[in-house]
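Engineer: okay, predicted coordinates and the sequence, questions at the end:
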Amino acid sequence: MSVRVSYKKQAVVGIMLLLTILLVTEITARIYDYYYPNCRFLKSEVYTNVDFDLKRRICVENDKLLWNNSPLYLIPNQHYSTININSQGFRGEEITKEKPNDTYRIFVIGGSTTFGVGSTSDDTTMPGFLQKKISELTFEKHVEVINAGIPAAYSFTETNYIKNKILDYSPDLLIIYDGWNDIGLDFRDYGADSNELGQKIIREIKRSEYITANVILKWYFNNKYDTTKKIQFDDSFIDKKVEKWKNSWEEICKIGDENNINVIITLQPIVGSGNKPLSSEERDYYEHYGHLDLLIHYEKYANALIELNSTCTTADLRYVFDNYSQTIYYDSGHVNDFGNEIIAQKIFELIMPTISYNVSG
C-alpha cells in the first residue's frame, strides 16, 4: 500500500531543500570571497613575505575604494587599515586646503601606480617613500608630499585634475608619473574620464548586497587574464595618442611657468622597459600582455618626453629597475613596495636641487 505525502508536506520539504542549497551556496561563496578576493597579486612572488591576512586586506580595501567618475576624483574621508583618503580627497595624512606659510608643497600626479594599488600602506606608496626620504633631511620649510594619484587616471583626467583642483592648493612642484594608462587606452576613449563600461561593472560590484553575485564577478576578474593567449596591442591612432599626451603636458608646463610652479614630467617604467633582467613571473607578463609590440610604440612617448624638455624638466624612468633581477612587477605595470621605494629614490635625486634652492636658507 503506497503512502501519499500531502502537497503541503512536499512544499515544506521543497522549501527546506531550496534553503539548504542557498545556504551551502552562500557559505561556499563566502569562503571563496575570503580566500580569493578581487586581486591578481595574491600568488605573486613580490608578496611572498607578506602574510595572507594583510594581502587580503589590501585586496578588499582597494575593492572598497570609491571615486567619482565624471570628473574623476577620490571620494574624501575613506579610512581603512592600509588606505586612508583624507578630507581633501588625497591618499595619506590630512592637509589643509590653504598652504601654511612655512610649507613647500609637492603634488605627485598619476594613476593607480602613483596611488599605490597593491601597496601595504600609505607610507609604502611611491609618494609615501618620497615624503619619508625628504623628511629625513632638515630644511627651513616643511616639505609636504601629497599623493594625488587616482586609479584609472591618464593625461586627460590628470591635467583636468590639476587645473580644476590641485591649483587651488597652491602647489610649488608638480611631479607627473604616467604613460602606461595612456598607451593602453583606446583612442576613442580619449576625452572621457574613464572607461564607462569597466567603471560601471566595478561600481556595481561595490553596490552589490548579494555576495554570491559579487563573487561570480570577482571570479571573472580574477580569471580574466589567466590564459596563455597573448593580448594583442592595438596600435591604432598611436601617433595621435602620443600627440595628445604631449600637448596635455605642454599646457601644464605653460601653466606652471605662469604661476611659478615647477613641473617635472616623467615616463614610468613598465614590464620590459629598460634593461631589467626579467624574472620568470615578469617574463610571463611580458609575453602575455604583448609588451614586445607595446614597447616599440612606448618609445614614441619617450621621444615626446624629449620634446617636452624645452618647456619642463623631464625624466625617463623606464630604466629605473635595470640593476634589479628579482620580481618587482606583479602585473604589466604595477610594482610592490620595494619598486615604489626605488622609483621614489630616483625622483628624490631628481628634485633635490629644486627643493634645496627653494627651501634652504
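Structural biologist: Received it, and whenever you're ready, just let me know what you need. This structure is a prediction, so every number in the text was calculated from the model and none was measured. Numbers count the residues shown, from 1 in each chain.
Engineer: any idea how far stretch 146-161 is from the chain center?
Structural biologist: 10 Å (C-alpha atoms, centre = their mean, to the nearest Å).
Engineer: can you give me the end-to-end distance of it?
Structural biologist: For stretch 146-161, the first-to-last residue distance is 14 Å (C-alpha to C-alpha, to the nearest Å).
Engineer: with stretch 167-178 instead?
Structural biologist: End-to-end distance for stretch 167-178, by C-alpha to C-alpha: 19 Å.
Engineer: check which residues of it are buried.
Structural biologist: L167, Y169, P171, D172, L173, L174, I175, I176, Y177, D178 (16 or more other C-beta atoms under 10 Å). Backbone N, C-alpha and C define where each C-beta goes, glycine included.
Engineer: can you check stretch 58-67 too?
Structural biologist: Judged by neighbour count (16+ other C-beta under 10 Å), stretch 58-67 contains these buried residues: I58, C59, V60, E61, N62, D63, L65, W67.
Engineer: and for stretch 46-59?
Structural biologist: For stretch 46-59, burial by neighbour count (16+ other C-beta under 10 Å) applies to V46, Y47, V50, K55, R56, R57, I58, C59.
Engineer: what's it in contact with?
Structural biologist: 34, 37-39, 41-42, 80-82, 118-120, 327-330, 335-336, 338-339 (C-beta atoms under 8 Å, 6 or more residues apart in numbering).
Engineer: what subset of those is buried?
Structural biologist: In the contacts of stretch 46-59, burial by neighbour count holds for 37-39, 41-42, 82, 118-120, 327-330, 335-336, 338-339, counting by 16+ other C-beta under 10 Å.
Engineer: starting at the chain centroid, how far to stretch 270-289?
Structural biologist: For stretch 270-289, the separation from the chain centroid amounts to 19 Å (computed by C-alpha atoms, centre = their mean).
Engineer: please export the C-alpha coordinates of that stretch as CSV.
Structural biologist: Written as CSV, here are the backbone C-alpha positions of stretch 270-289 (Å, rounded to 0.1, in the frame of the first residue of the first chain):
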residue,chain,number,x,y,z
ILE,A,270,56.5,49.0,-17.4
VAL,A,271,57.5,45.3,-17.8
GLY,A,272,60.2,45.0,-20.4
SER,A,273,61.1,48.7,-20.5
GLY,A,274,64.7,49.5,-19.9
ASN,A,275,67.2,46.6,-19.5
LYS,A,276,65.9,45.0,-16.3
PRO,A,277,66.6,41.2,-16.2
LEU,A,278,63.0,39.8,-16.2
SER,A,279,62.2,37.1,-13.6
SER,A,280,60.1,34.1,-14.8
GLU,A,281,56.9,35.7,-13.5
GLU,A,282,57.7,39.1,-15.2
ARG,A,283,58.6,37.2,-18.4
ASP,A,284,55.1,35.7,-18.3
TYR,A,285,53.5,39.2,-18.0
TYR,A,286,55.8,40.5,-20.8
GLU,A,287,54.6,37.8,-23.2
HIS,A,288,51.0,37.6,-22.1
TYR,A,289,50.4,41.4,-22.4
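Engineer: what mean pLDDT does that stretch have?
Structural biologist: Averaging pLDDT along stretch 270-289 yields 94.
Engineer: who are the contact partners of the residue nearest to the spatial centre of the chain?
Structural biologist: In the chain, the residue lying closest to the centroid (C-alpha atoms, centre = their mean) is S112, at 1.0 Å. Counting by C-beta under 8 Å, 6+ apart, S112 makes contact with G149, I150, P151, A152, A153, N181, H334.
Engineer: can you rerun that using 6 Å?
Structural biologist: S112 makes contact with P151 under the criterion C-beta atoms under 6 Å, 6 or more residues apart in numbering.
Engineer: can you give me phi and psi for it?
Structural biologist: Dihedral pair for S112: phi -70, psi -30, per degrees, to the nearest 10.
Engineer: which pLDDT does the model give it?
Structural biologist: At S112, pLDDT is 95.
Engineer: likewise for W67?
Structural biologist: 85.
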